[in-house]
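Asks: Here's my sequence, what's the structure:
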Amino acid sequence: MSKMGGFGLGVVALVALLGTSAPVTSAWAQPAKGLIRIGTDVDSQSLDPRLMRETTGFRAINLIYSALIQLDDKVSPRPDLATKWENPDPKTWIFTLRRDARFHDGRPVTAADVVFTYTTILDPALNARFRTLYTPIDKIEAVDEGTVRISLKEPYAPLLSYLDLGIVPKHAVEGGRDLNVNPLGSGPYKFAKWKRGSRISLEANADYFGGKPKYDKLDFVVVPDNTARAQAFEAGDLDLIQSPLSPRDIKRLAAAGKAAYAKLPGIAVTYLNINTKSENLGDPRVRKALAMLIDQKTIVDQIYEGTDQAATSLLLPSLAWSYAADVKQPAFDPAKAKALLAEAGWKPGPDGIMGKDGKKLSITIGTHSEDPNRVQTVEFIQNVLKQNGVDAKVAISDWPSFSGGVQNGRHDVGLMGWVALVDPDRLMYGQLHSAGGLNWGKYSNAKVDAALTAGRAAASLPARAAAYKQAAAELAEEMPYYVLSYQGFHVFTDKALTGFVPDPRGYLRSLAAK
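Replies: Numbering: from 1, shown residues only. Predicted coordinates for the structure are as follows:
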């Protein structure tokens with residue numbers, strides 16, 4: 001049993017908030033055997049847990065590697081490499097490791113591997129995308145081969161939420177193994193092969209400490225087009241598909257009743273990432289005006305056909321303890337938007353396009369080609385902006401090109417998403433704190449920084465909620481992010497697949513059961 005102190009509030013509060021998911025219980029034609037083919041929208045960019053970048057990587061890594069803890073389908077912490085943990089004071093956590101865990105090359109997993117994993121992810125030289133999730137750690141040390149102690153700089157409420165990071169083998173990395181393309185974990189599945197842009201193949205680990213999984217092989221099959229992926233599932237070429245899916249495909253598959261279907265409360269958002277350093281977007285009045293020109297209701301109701309929920313702010317209703325209905329980002333209001341642009345000095349020119357100091361109000365909105373709903377959304381936004389005097393252009397590219405451009409600041413506005421938002425900190429600190437490693441729009445606000453720092457350190461849920469409400473209210477005025485929708489999470493499986501429990505993050509650990 002896990003022993004938890006009173007400071008792991010970020011995860012514990014979620015247990016009752018996400019509902020329950022019933023496992024699929026139909027008879028499988030080949031019990032305890034077979035290949036499960038999982039449809040996915042994008043290829044992974046890295047299979048190193050410290051450098052993972054997108055959902056396909058997250059989901060494959062979660063099967064290849066073990067972590068200190070796992071979060072279950074209700075985002076509650078469960079033992080994995082750690083059999084128990086103690087929180088003797090607000091800044092100290094002690095983890096007792098199981099002694100029967102081995103990497104896929106046969107070497108035992110020890111406290112030294114845990115220390116190495118977290119030490120390297122904290123090293124700025126590694127350039128880990130999620131480094132800021134772990135910067136509150138002051139020291140991590142091996143008490144002995146089976147015990148790890150984490151000392152924090154200050155109390156850090158979301159810590160347990162983030163300790164599902166896969167533990168990498170110290171000996172292999174130091175020996176030169178490139179985990180990006182040749183992963184080596186201690187999880188229920190071993191890496192078998194990777195055909196770039198097409199398929200990642202895993203095979204069951206017979207020596208897994210939890211017992212050999214009943215399914216011999218898992219293939220992540222890359223089918224970029226949402227409808228083509230749904231059609232492949234209907235044709236029997238895939239056994240499991242999950243969000244992102246096109247709304248019409250969701251409705252058709254659900255109505256047909258031939259597949260097992262689950263809809264879960266989302267812990268993900270679709271949003272516009274606004275580059276505050278772009279020439280025309282540095283003024284918060286302009287960013288707020290752009291938000292007022294986005295016809296959110298039409299996008300959610302017609303393009304997404306009601307499969308998502310229109311967002312009101314950066315606070316998620318599915319994280320009920322931190323949600324505040326009275327915090328609201330700007331609503332669709334073209335008249336107010338034009339008044340705000342006029343206040344910022346932008347006036348209509350002879351061609352109807354807003355201008356200032358001899359320059360047009362020009363912006364480019366980008367997204368990735370793999371998601372047709374996002375492509376349709378940015379084209380719709382472009383049309384509305386043009387009708388209201390903004391010289392809007394659209395840039396569509398594949399996911400690696402698009403995401404790389406956003407992350408390197410080569411964008412004005414990017415339509416994208418965040419998933420696995422198990423705590424408000426996961427959506428706001430790294431992305432919107434001035435020192436955040438995911439702050440691609442280069443936003444900086446001392447009030448927001450203070451509130452997000454307080455939200456991490458507070459020792460009670462009400463105090464944390466108050467901090468995030470303050471941050472979200474300020475961000476609703478400043479608009480470095482415009483949250484278009486709270487994503488619903490949709491999963492379809494072959495009715496013959498047994499034992500699968502849908503997870504709101506899209507993780508697939510339940511396939512690893514014996």
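
Asks: helix/strand/coil for residue 249?
Replies: Secondary structure for residue 249, judged by DSSP: H, G, I helix; E, B strand; the rest coil, is helix.

Asks: can you give me the strands in the stretch 1-150 of the chain?
Replies: For the stretch 1-150 of the chain, the strands defined by DSSP state E, counting those that start in this stretch cover 35-40, 69-71, 77-79, 82-89, 92-97, 137-144, 147-152.

Asks: looking at these, which is buried most?
Replies: strand 69-71 (a mean of 23; mean count of other C-beta atoms under 10 Å). For the C-beta atoms, the positions are set from N, CA and C on the backbone; glycine is no exception.

Asks: Spatially central residue in this structure, please.
Replies: residue 419 (2.7 Å; C-alpha atoms, centre = their mean).

Asks: right, and that residue touches residue 505 too?
Replies: Yes: with contact defined as C-beta atoms under 8 Å, residue 419 and residue 505 form a contacting pair (6.4 Å).

Asks: and for these two, which residues touch both?
Replies: 58, 267 (C-beta atoms under 8 Å, 6 or more residues apart in numbering).

Asks: among the strands of the stretch 1-150 of the chain, which is nearest residue 379?
Replies: strand 35-40 (24.8 Å; C-beta to C-beta).

Asks: Show me what the closest one is packed up against.
Replies: Under the contact definition 3 or more C-beta pairs under 8 Å, 6 or more residues apart in numbering; DSSP states H and E, strand 35-40 sits against helix 55-64, strand 217-222, helix 226-234, strand 240-242.

Asks: Now do the closest residue to the residue nearest to the centre of the chain other than its chain neighbours against residue 489, distance only.
Replies: In this structure, residue 419 finds its nearest non-sequential neighbour in residue 268, 4.1 Å apart by C-beta to C-beta, 6 or more residues apart in numbering. Per C-beta to C-beta, to the nearest Å, residue 268 is found 7 Å from residue 489.

Asks: Tabulate the strands of the stretch 1-150 of the chain in a markdown table, adding columns for mean pLDDT and distance to residue 159.
Replies: Shown next, in a markdown table, are those (pLDDT from 0 to 100; distance: least, C-beta to C-beta, whole Å):
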| stretch | mean pLDDT | distance to residue 159 |
| --- | --- | --- |
| strand 35-40 | 97 | 29 |
| strand 69-71 | 94 | 10 |
| strand 77-79 | 94 | 10 |
| strand 82-89 | 97 | 9 |
| strand 92-97 | 98 | 7 |
| strand 137-144 | 98 | 8 |
| strand 147-152 | 98 | 7 |
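
Asks: export those strands to JSON lines and tack on distance to residue 445?
Replies: Formatted as JSON lines, those follow (distance: least, C-beta to C-beta, whole Å):
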{"stretch": "strand 35-40", "distance to residue 445": "36"}
{"stretch": "strand 69-71", "distance to residue 445": "30"}
{"stretch": "strand 77-79", "distance to residue 445": "32"}
{"stretch": "strand 82-89", "distance to residue 445": "32"}
{"stretch": "strand 92-97", "distance to residue 445": "31"}
{"stretch": "strand 137-144", "distance to residue 445": "25"}
{"stretch": "strand 147-152", "distance to residue 445": "25"}
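
Asks: Relative to residue 208, which of those is closest?
Replies: Nearest of the strands of the stretch 1-150 of the chain to residue 208, taken as C-beta to C-beta: strand 69-71 at 13.3 Å.

Asks: What lies in contact with the closest one?
Replies: With C-beta under 8 Å, 6+ apart as the test, strand 69-71 has contacts from 2, 11, 77-82, 85, 160-161, 163-164, 422, 505, 507, 509.

Asks: just for the chain, where's the confidence low?
Replies: Applying pLDDT under 70 to the chain picks out residues 1-33.

Asks: please redo it, this time with the cut-off set to 50
Replies: 1-32 (pLDDT under 50).

Asks: quick one: the helices in the protein?
Replies: Ranges of helices within the chain are 9-12, 55-64, 111-122, 170-174, 226-234, 247-256, 284-292, 296-298, 334-343, 372-387, 399-407, 424-432, 446-457, 461-478, based on DSSP state H.

Asks: Taking strand 217-222 as reference, get the angle to the fifth one.
Replies: Right, the one you point to is helix 226-234. If you take axes from the mean of the first three to the mean of the last three C-alpha atoms, to 10 degrees, helix 226-234 sits at 150 degrees to strand 217-222.

Asks: Flag every buried residue along helix 226-234.
Replies: By neighbour count with 16 or more other C-beta atoms under 10 Å, helix 226-234 contains the buried residues 226, 229, 230, 232, 233, 234.

Asks: Which member of the residues you listed is positioned nearest residue 273?
Replies: Closest approach to residue 273 among the buried residues of helix 226-234 (C-beta to C-beta): residue 226, at 21.3 Å.

Asks: Please spell out the PyMOL selection for the buried subset of the contacts of strand 69-71.
Replies: Selection of buried members from those for PyMOL, criterion 16+ other C-beta under 10 Å:
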select buried, resi 2+11+77+79+80+81+82+85+160+161+163+164+422+505+507+509
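
Asks: So which residue of this structure lies furthest out from the middle?
Replies: For the chain, the residue at maximal distance from the C-alpha centroid (C-alpha atoms, centre = their mean) is residue 350, at 44.3 Å.

Asks: Tell me, how many residues neighbour residue 214?
Replies: Using other C-beta atoms under 10 Å, residue 214 has 18 other residues around it.

Asks: Isn't it up against residue 499?
Replies: Yes: under the criterion of C-beta under 8 Å, residue 214 makes contact with residue 499 at 7.3 Å.

Asks: tell me, what's touching the two both at once?
Replies: Common contact partners of residue 214 and residue 499 (C-beta under 8 Å, 6+ apart): residue 513.

Asks: Which neighbours do residue 268 and residue 489 have in common?
Replies: Common contact partners of residue 268 and residue 489 (C-beta under 8 Å, 6+ apart): 243, 504.

Asks: Report how many residues lie close to the residue lying closest to residue 185 once chain neighbours are set aside.
Replies: Leaving aside its chain neighbours, residue 185 sits nearest to residue 65 (3.4 Å; criterion: C-beta to C-beta, 6+ apart). Using other C-beta under 10 Å, residue 65 has 31 other residues around it.
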